[in-house]
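Enquirer: sharing a model that was predicted from the sequence below.
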Amino acid sequence: MVRPQNEATTSLPGHGLRVALFATCFNDTMWPETPKAVVTVLERLGATVEFPLEQTCCGQMFTNTGYAREALPLVERFADVFSEYDAVVAPSGSCVGSVRHQHATVARGCGRADLADRATAMAGKVYELSELLVDVLGVTDVGATFPHRVTYHPTCHSLRMLRVADKPLRLLREVRGIDLVDLPEAEECCGFGGTFAMKNADTSVAMGSDKARHVRETQAEVLVAGDNSCLAHIGGLLTRQRAGVRVLHLAEVLACTESDVATDAAREVTA
Amino acid sequence: MSGTFIGMPKFPAAAREALGNSQQRRNLRHATHTIRAKRARVVGELDDWEELRRTGAAIKDHVLSHLDRYLAELEESLTRAGATVHWASDADEANRIITSLVRDAGTEEVVKVKSMATQEIGLNEALEEAGIRAWETDLAELIVQLGHDRPSHILVPAIHRNRAEIREIFLSEMGRVGTPPPAGLTSEPHELAEAARVHLREKFLRATVAVSGANFAVAETGTLVVVESEGNGRMCLTLPETLISVVGIEKVVPRLEDLEVFLQLLPRSSTGERMNPYTSTWSGVTPGDGPQQVHVVLLDNGRTDALADRVGRQALRCIRCSACLNVCPVYERVGGHAYGSVYPGPIGAILNPQLRGTTSAVDRSLPYASSLCGACGDVCPVGIEIPELLVHLRTRVVDEQRGGIPSGEELAMKGAAWMFADHRRWEKAQQAAELGGRALGRKERLGRLPGPLSAWSDARDAPTPPAESFRSWWKRERGSR
């Protein structure tokens, strides 16, 4: 969809960028506010966002559980749906990690060298939100306001697959009104791990309860991360403990502006 | 607790039990965090660490792709230097060879240098069946042996024990097999070490046969290398008349100068030291000095099976440093025993299913004993892509099970894949979720879920689906794309 342009929009960092949003199946269904927030932030920065309706899932759950054959059609679908775009953005470190680091491997493992080549070409164009903002648009201040005490958990795949390093933190540090506190042992896994959370539920919960303890030590009211899957796990533990900490995706913090703050306070439900 | 890992339950069941052991949880947390910090410090000192890692990986890969040539060269060099080379295709063959070598030497006891290869083949148990006592001389291995316990870590096999427990073991067990500890032994580390020293000295001075492994075997010169901290290895390698070394065939390196790389990578990754206290090297027999009967048992035991897997073979680069164990959040909480092998942790999760195959429940469960967080791959000194290998082995486990009566998981995965294969089907499923979301109304979180989903909800609330998916919102707000 093309939006009307004027002089103000042409000077924005995202001007001229047409970006496809890969919402991810999980966010699309369970956390629609997160992809909406991506749209809000990118359009505020002047980019044109499209949402190809043929998209479904990156196949990560299948790949990581050992079902490469079931993942293969999804690898192909991803390449079919998104290859026409110069940039694809997803609000998930682990889904982007799967596209960038697993799609070609899955295709090759299933004897599809042609698809592996297409997946490799695709990999360079798919960005996690903080990468698109910092590396492609060159911004760290996205005009957000979020007057809360926040701690940030760097999710494993954003950290160790994508190597986003401190990009999400650089974005958060520019948010007005934020009280950003360090999370102890931040880089340790929360224990979600996809189907690991079910197959090894006891170990997953043992890891998650340590993560939740560290979150509580910060006395933050909001835990922020770039993956709603990890947040569902940590958040599920925190609300079960009635910890009084809510979890929120990075995109939703970045989308929040001064005018949202008043209504946000009225809307939010803490655990 | 028995001394072997035979008949272990699959990982999740063993892990559940281990997670409940609060003493072990504390011991492991303390030990892994201490060694983790030490490693990070000494690795951080080197500007060329990444280059060292890449070089180490390249040397290992080169050897693995020319293993036939280097093993032949190693055999020739060893033989020329006066050693006798034996080839063992599996654990049984290796144990038979070693048992008969010990009998030929006319003794009923051996002293042992800490060795993963001999643990892997269950040598101590095999020797015991033949009436030969094998004395572990590494302090931690001694603790494990005296405690009738199993190793739970590659480098520090008694990591799950604290010093109060070690004192108890020494007081109750040492006197039964040799020099007892002094009366009034406390749990002070220097007292415990002194008790072990006195206990072991008697065995060092009496033994006529030693059994070791080797960290490296140099093809060019026939030199074996043992890297250790306590000096017990040096005693075993120099005092007895006969030395038998069990060496995995992947331990070969081409030239002596290759050690320059590995002797930097190994101590910094394993103990977090710049250099380990004792590095012993020997090339066959030196007349009048050290063991005069030198035997080397080159062990396959599944290694050529691993080598046949183009992706999985990189696990054979492993130099047994255990850095991956020390950073693993799963290992830190569960400990080593749950992995059902002398190789626990991330490396065990990729090595055991390759060396032993995937016929047992525990070996099939090991590739799943990881959250795929990637910490292991980041610290591996020879760049083994452990998370990728875990996924690769999961695929193997699933593919091997295909064709039979499908499991619930397989049916669920196939159903989900069918749904995702067409966005219209996916939309229908989302609409069902939206209906559920509307029915649940304002309820934000679900407490208890039915059936297999209770694995999630036993300890964690679950989110409720929203009344409108993103896709529905987009179509309503923006029309098509």
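Expert: Now that the structure is in, tell me what you want to look at. Worth saying up front: this structure is predicted, and the values here are computed from it rather than measured.

Enquirer: scan chain B for its longest helix.
Expert: Counting residues, the longest helix in chain B under DSSP state H turns out to be helix B:22-44.

Enquirer: list the buried residues for that one?
Expert: Buried residues in helix B:22-44, counted by 16 or more other CB atoms under 10 Å in any protein chain shown: B:24, B:25, B:27, B:28, B:31, B:32, B:35, B:36, B:39, B:42, B:43. C-beta coordinates here come from the backbone N, C-alpha and C atoms, glycine included.

Enquirer: equivalent analysis for stretch B:73-89, please.
Expert: Buried-residue list, stretch B:73-89, by 16+ other CB under 10 Å: B:73, B:74, B:75, B:77, B:78, B:81, B:83, B:85, B:86, B:88.

Enquirer: likewise stretch A:246-262?
Expert: Going by neighbour count (16+ other CB under 10 Å), the buried part of stretch A:246-262 is A:246-257, A:260.

Enquirer: using pLDDT, spot the least trustworthy of the residues you listed.
Expert: Among those, residue A:260 has the lowest pLDDT, at 85.

Enquirer: which residues does that residue contact?
Expert: Residue A:260 makes contact with residue A:145, according to CB atoms under 8 Å, 6 or more residues apart in numbering or on different chains.

Enquirer: now do the helices in the stretch 151-271 of chain A.
Expert: Counting by DSSP state H, counting those that start in this stretch, the stretch 151-271 of chain A has these helices, from start to end: A:156, A:167-173, A:196-199, A:201-217, A:228-240, A:250-255, A:258-267.

Enquirer: quick check, the residue in the stretch 51-200 of chain A closest to chain B?
Expert: Nearest residue of the stretch 51-200 of chain A to chain B: residue A:193, at 2.9 Å (CB to the nearest CB).

Enquirer: list the residues that contact that residue.
Expert: Counted by CB under 8 Å, 6+ apart, residue A:193 has contacts A:200, A:204, B:370, B:371, B:372, B:373.

Enquirer: partner strands of the worst-scoring helix or strand of chain B on mean pLDDT, with direction?
Expert: Of the helices and strands making up chain B, the lowest-confidence element is strand B:445-446, at a mean of 82, by mean pLDDT, DSSP states H and E. Applying DSSP bridges, strand B:445-446 is found paired with strand B:462-463 (antiparallel).

Enquirer: now residue A:99. Nearest residue, chain neighbours left out?
Expert: Distances taken as CB to CB, 6 or more residues apart in numbering or on different chains place residue A:126 nearest to residue A:99, at 4.9 Å, with adjacent residues excluded.

Enquirer: next, the most centrally placed residue in chain B: phi, psi?
Expert: Nearest residue to the geometric centre of chain B (CA atoms, centre = their mean): residue B:343, 2.7 Å. Residue B:343 adopts backbone torsions of phi -100, psi 90, taken as degrees, to the nearest 10.

Enquirer: one more: residue A:127?
Expert: According to degrees, to the nearest 10, residue A:127 has phi -120, psi 140.

Enquirer: what residues of the host helix or strand of residue B:103 count as buried?
Expert: Element membership of residue B:103 [criterion: DSSP states H and E] is helix B:91-104. Neighbour counts using 16+ other CB under 10 Å place B:91, B:93, B:94, B:95, B:97, B:98, B:99, B:101, B:102 of helix B:91-104 among the buried residues.

Enquirer: before we move on, back to that, list the buried residues for the helix or strand following the longest helix of chain B?
Expert: Proceeding N to C from helix B:22-44, the next assigned helix or strand is helix B:49-65, under DSSP H and E. Using 16+ other CB under 10 Å as the test for burial, helix B:49-65 gives B:49, B:52, B:53, B:55, B:56, B:57, B:59, B:60, B:61, B:63, B:64.

Enquirer: let me know the closest of those residues to chain A.
Expert: Relative to chain A, and with distances defined as CB to the nearest CB, the nearest of those is residue B:53, at 15.4 Å.

Enquirer: next one: stretch A:157-172, is it in contact with chain B?
Expert: Yes - against chain B, stretch A:157-172 shows contacts by CB under 8 Å from any CB of the partner chain at A:157, A:159, A:160, A:161.

Enquirer: what does that stretch contact?
Expert: So stretch A:157-172 is contacted by A:93-94, A:96-98, A:100-101, A:128, A:130-131, A:133-135, A:140, A:142, A:150, A:152, A:154, A:178, A:180, A:187, A:224, A:226-227, A:250, A:253-254, B:372-375, B:377-378 (CB under 8 Å, 6+ apart).

Enquirer: domains in chain A, by residue range?
Expert: Split into domains by automatic domain parsing, chain A comes to A:9-135, A:141-267.

Enquirer: avg pLDDT for the first one?
Expert: Same thing as domain A:9-135. Domain A:9-135 shows a mean pLDDT of 97.

Enquirer: do the same with stretch B:339-348
Expert: When pLDDT is averaged over stretch B:339-348, the result is 96.

Enquirer: quick check: end-to-end length of it?
Expert: 7 Å (CA to CA, to the nearest Å).

Enquirer: would you list the buried residues of helix B:49-65 in TSV and tack on pLDDT and distance to chain A?
Expert: Formatted as TSV, these follow (pLDDT from 0 to 100; distance: CB to the nearest CB, whole Å):
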residue	pLDDT	distance to chain A
B:49	98	17
B:52	98	20
B:53	98	15
B:55	98	22
B:56	98	20
B:57	98	18
B:59	98	25
B:60	98	21
B:61	98	18
B:63	98	25
B:64	98	20
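
Enquirer: from the chain's centroid, how far away is the helix holding residue B:103?
Expert: Here helix B:91-104 is found 24 Å from its chain centre; the criterion is CA atoms, centre = their mean, to the nearest Å.

Enquirer: what packs against it?
Expert: strand B:84-88, helix B:123-129, strand B:209-212, strand B:242-248, strand B:293-299 (3 or more CB pairs under 8 Å, 6 or more residues apart in numbering or on different chains; DSSP states H and E).

Enquirer: try it again with 10 Å
Expert: Contacts defined by 3 or more CB pairs under 10 Å, 6 or more residues apart in numbering or on different chains; DSSP states H and E place helix B:91-104 against strand B:84-88, strand B:109-112, helix B:116-120, helix B:123-129, strand B:209-212, strand B:242-248, strand B:293-299.

Enquirer: each with direction, which strands does the last one pair with?
Expert: So that's strand B:293-299. Checking strand B:293-299 against DSSP bridges gives partners strand B:84-88 (parallel), strand B:242-248 (parallel).

Enquirer: Throw those strands into CSV and include mean pLDDT and distance to residue B:126, thanks.
Expert: Output for those, formatted as CSV (pLDDT from 0 to 100; distance: least, CB to CB, whole Å):
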stretch, mean pLDDT, distance to residue B:126
strand B:84-88, 98, 12
strand B:242-248, 98, 12
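
Enquirer: what's the most distant pair in the buried residues of stretch A:246-262?
Expert: A:247 and A:257 (20.6 Å; CB to CB).

Enquirer: so which bits of stretch B:291-309 are buried?
Expert: B:291, B:293-303, B:306-307, B:309.

Enquirer: looking at the stretch 1-150 of chain B, which residue is nearest chain A?
Expert: For the stretch 1-150 of chain B, CB to the nearest CB, closest residue to chain A: residue B:16, 4.5 Å.

Enquirer: what sits against that residue?
Expert: Counting by CB atoms under 10 Å, 6 or more residues apart in numbering or on different chains, residue B:16 touches A:200, A:201, A:202, A:203, A:206, B:9, B:334, B:338.

Enquirer: got it, and residue B:406?
Expert: With CB under 10 Å, 6+ apart, residue B:406 has these contacts: B:412, B:413, B:414.

Enquirer: relative to chain A, which of those is nearest.
Expert: Among the contacts of residue B:406, and counting by CB to the nearest CB, the member closest to chain A is residue B:413, at 4.7 Å.
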